[in-house]
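Colleague: Sharing a model prediction with you, sequence too.
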Amino acid sequence: MTSFDRTLNYIEFDKLKYIDELILKLQMLYSQNIVDGSFFDKAVELLNQEKMDISSNSEKSDINTNEDSKVYDLKIDIENMSPEEREKYLESEKQGIRMRLLEARNFSNLNILYERISKNINNSSKDFLKKEFTNNFEKIFEKSYIYYLIKDYGKKYGKLDLNELAIVDDKLILKNGQYECEINKALCKRENILYLDDKELASFKAIINKYNLCFAEEFIEYKLKNIIKLPEIPISFEERIEKIKKTIEKILNRDENRFFRSMISIESDFKFKDKLQKCKNTYNNDFKTEIPLLIFDNTIFKTCENGFIVTNKNLYLKDNIVRNINIDEIDTIELDDQKLQVNDDKVYCDIIKSNYREQFKDTMLIITYLIQNGKDESKKIDKVIKEVLYV
C-alpha cells in the first residue's frame, strides 16, 4: 500500500464522485488541448496536484459534498469551434461519458453518475449518453437480485408495478399483498448476484421513474415496457418539441431524402444558427415567440433569400414577398411543376432536381403532420411519432 493509499483510508470522501470528477477534469483538459498537443504534460501536472490535494486534505469539501463544483464551469461552447475541432471535442466528450459510466457498480452509482453527467454535456451528446447509460444499466440489471424477482413475478402475474414494491424484514413484498419473496443473502454472495437493499431499490425506482430521460428508445419500447409497468410521465411542451425535432432529423436522414437533404437545415446541423440569422433578415422576423424547426434554402449560394422556414406555429414562405400560413391551418401540400403549393400559396423549390421533388413534397407533408399533431397536448406524442416513422 502506498502512502497515498494510506492517506485515502483516513479521509472520508465519496470515491465514486472523486473518480468521476477526475475523469471529467481530464476530459475537459484534453478537449482544451486538442490543437496544441500539450495534453500529456498538463495531465501529469493535474494528477500530481490532485494527489497533493487529497494528501493535504485541503480540498476536502470540493471532493466530497459540493455537487456544483467548479468543474461544471468547464463546459465548452462548441459553436465557436472549427468543424474539425468540434468533431474532436465531441468525440472526447463521448469517450468521457463512456469512461465515467464504467465506474458504476450498482444502481445507486449509476443514478448518481447520470445526474452528474447530464448536467454538463452538449445536446449533441445526449443520445450517446442514453445509449451508454442503457448499456451499463442492462449489465448491472441482469446480474441483480431484482432482475430475477421481476422474471419470477412476470411468470405468475405479468408486468411489475415498482412503486408497489418494498423491502420489509429482508423480504421483497408488494404493498397490495399479492407477492412476497425473501432475499437470500447467501445465494447472492455465492452466485455473485447484486444484493438489493433499501438504497438500491430506491435508486432502481428513481432510474425507472425517469426512464424517458435516461434510456434509449429501443430499450424502452422492446424490453422495459414488457416487464415493468412504466409510470405515466406528463410530457411538457419543451419535451414534445424535442421529440418533434429528433423525429424530423430521423425523417430527413433517410436514404431516400439524400438528394435534397443539403438544402434543408435543422437545429442539429452545423451552422444552423448562421442560417437562422439569415432567415431573420430575409423574413424580417426574430422568431422570439416561435421555435424554428426547419429551413429550406432555395438559393445556390445559401443566402436563404428564397425558400421557407417552418416553426412550431407558422410556415413562412419567400419568393418575391414574404407570406405566412398558420401551421395548424395547412390542409394540402402539392407539387406544381417547380413549385411547392401549400394550400393556395406557392413557393419555388426548383433547386431540387425534378425527379426528386415528389419525394420532397411527401417529406414536407409528413413533417407538417408531425408538427400539427405532435404539439397537440390531447394526443400521445409517441403514437404520433410511430405513425410518421412507419409511413
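Modeller: Arrived safely, thanks for sending.
Colleague: Tell me how many other residues surround Tyr369.
Modeller: Tyr369 has 16 neighbouring residues, counting by other CB atoms under 10 Å. C-betas here are computed from N, CA, C, even on glycine.
Colleague: just Asn226 next, same as before
Modeller: Neighbour count for Asn226, taken as other CB under 10 Å: 10.
Colleague: how about it, phi and psi?
Modeller: For Asn226, the backbone dihedrals (degrees, to the nearest 10) come out as phi -80, psi -20.
Colleague: which other residues reach the host helix or strand of Lys139?
Modeller: Assigned by DSSP states H and E, Lys139 belongs to helix 126-141. Applying CB atoms under 8 Å, 6 or more residues apart in numbering, the contact partners of helix 126-141 are 94, 97-98, 101-102, 104-107, 110, 114, 117-118, 121, 147, 194, 207, 214-217, 219, 246.
Colleague: can I have it written out in PDB, keeping just the CAs?
Modeller: The C-alpha trace of helix 126-141 is given here as PDB (Å, rounded to 0.1, in the frame of the first residue of the first chain):
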ATOM      1  CA  LYS A 126     -27.400  13.400 -25.100                       C
ATOM      2  CA  ASP A 127     -28.400  10.500 -27.400                       C
ATOM      3  CA  PHE A 128     -24.900   8.900 -26.800                       C
ATOM      4  CA  LEU A 129     -25.400   9.300 -23.100                       C
ATOM      5  CA  LYS A 130     -28.800   7.500 -23.300                       C
ATOM      6  CA  LYS A 131     -27.100   4.700 -25.300                       C
ATOM      7  CA  GLU A 132     -24.200   4.200 -22.900                       C
ATOM      8  CA  PHE A 133     -26.400   4.600 -19.800                       C
ATOM      9  CA  THR A 134     -28.700   1.900 -21.200                       C
ATOM     10  CA  ASN A 135     -25.800  -0.500 -21.900                       C
ATOM     11  CA  ASN A 136     -24.400  -0.100 -18.400                       C
ATOM     12  CA  PHE A 137     -27.900  -0.400 -16.800                       C
ATOM     13  CA  GLU A 138     -28.500  -3.700 -18.600                       C
ATOM     14  CA  LYS A 139     -25.200  -5.100 -17.400                       C
ATOM     15  CA  ILE A 140     -26.000  -4.200 -13.800                       C
ATOM     16  CA  PHE A 141     -29.700  -5.200 -14.100                       C
END
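Colleague: what packs against the helix or strand containing Glu85?
Modeller: For Glu85, the host element (DSSP H and E) is helix 83-101. If contacts are counted by 3 or more CB pairs under 8 Å, 6 or more residues apart in numbering; DSSP states H and E, helix 83-101 sits against helix 15-32, helix 107-119, helix 126-141.
Colleague: packing partners for whichever helix or strand comes after the last one?
Modeller: Helices and strands here follow DSSP H and E; after helix 126-141, the next one along the chain is helix 145-157. Applying 3+ CB pairs under 8 Å, 6+ apart, one finds that helix 145-157 contacts helix 198-208, helix 225-227.
Colleague: Could I get the average pLDDT for the first one?
Modeller: Spelled out, that is helix 198-208. For helix 198-208, the mean per-residue pLDDT is 94.
Colleague: which helices and strands sit right next to the next helix or strand along the chain from it?
Modeller: For helix 198-208, the following helix or strand on the C-terminal side (DSSP H and E) is helix 211-214. Other elements packing on helix 211-214 under the criterion 3+ CB pairs under 8 Å, 6+ apart are helix 107-119, helix 126-141.
Colleague: weakest of those helices in terms of mean pLDDT?
Modeller: Mean pLDDT is lowest for helix 107-119 out of these, coming in at a mean of 90.
Colleague: hang on, the earlier thing: kindly write the PyMOL command that selects the buried subset of the contacts of helix 126-141.
Modeller: In PyMOL syntax, the buried subset of the contacts of helix 126-141 is picked out as below (16 or more other CB atoms under 10 Å):
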select buried, resi 94+97+98+101+104+106+107+110+114+117+118+121+147+194+207+214+215+216+219+246
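Colleague: on that earlier part again, now do the buried residues in the helix holding Glu85.
Modeller: Within helix 83-101, the residues that qualify as buried are 86, 88-90, 92-94, 96-101, counting by 16+ other CB under 10 Å.
Colleague: Could you do stretch 384-391 as well?
Modeller: The neighbour-count check on stretch 384-391 (16+ other CB under 10 Å) flags Val384, Ile385, Val388 as buried.
Colleague: And stretch 119-135, by the same measure?
Modeller: For stretch 119-135, a neighbour-count test (16+ other CB under 10 Å) marks Asn120, Ile121, Ser125, Phe128, Leu129, Lys130, Lys131, Glu132, Phe133, Thr134 as buried.
Colleague: Against which helices or strands is whichever strand or helix holds Thr363 packed?
Modeller: Assigned by DSSP H and E, Thr363 belongs to helix 357-374. Counting by 3+ CB pairs under 8 Å, 6+ apart, the packing neighbours recorded for helix 357-374 are helix 237-252, strand 307-311, strand 333-336, strand 339-342, helix 381-389.
Colleague: try 7 Å
Modeller: In terms of contacts (3 or more CB pairs under 7 Å, 6 or more residues apart in numbering; DSSP states H and E), helix 357-374 is packed against helix 237-252, strand 333-336, helix 381-389.
Colleague: what's the closest of these to Leu365?
Modeller: With CB to CB as the criterion, Leu365 lies closest to strand 333-336 of the helices and strands packed on helix 357-374, at 4.7 Å.
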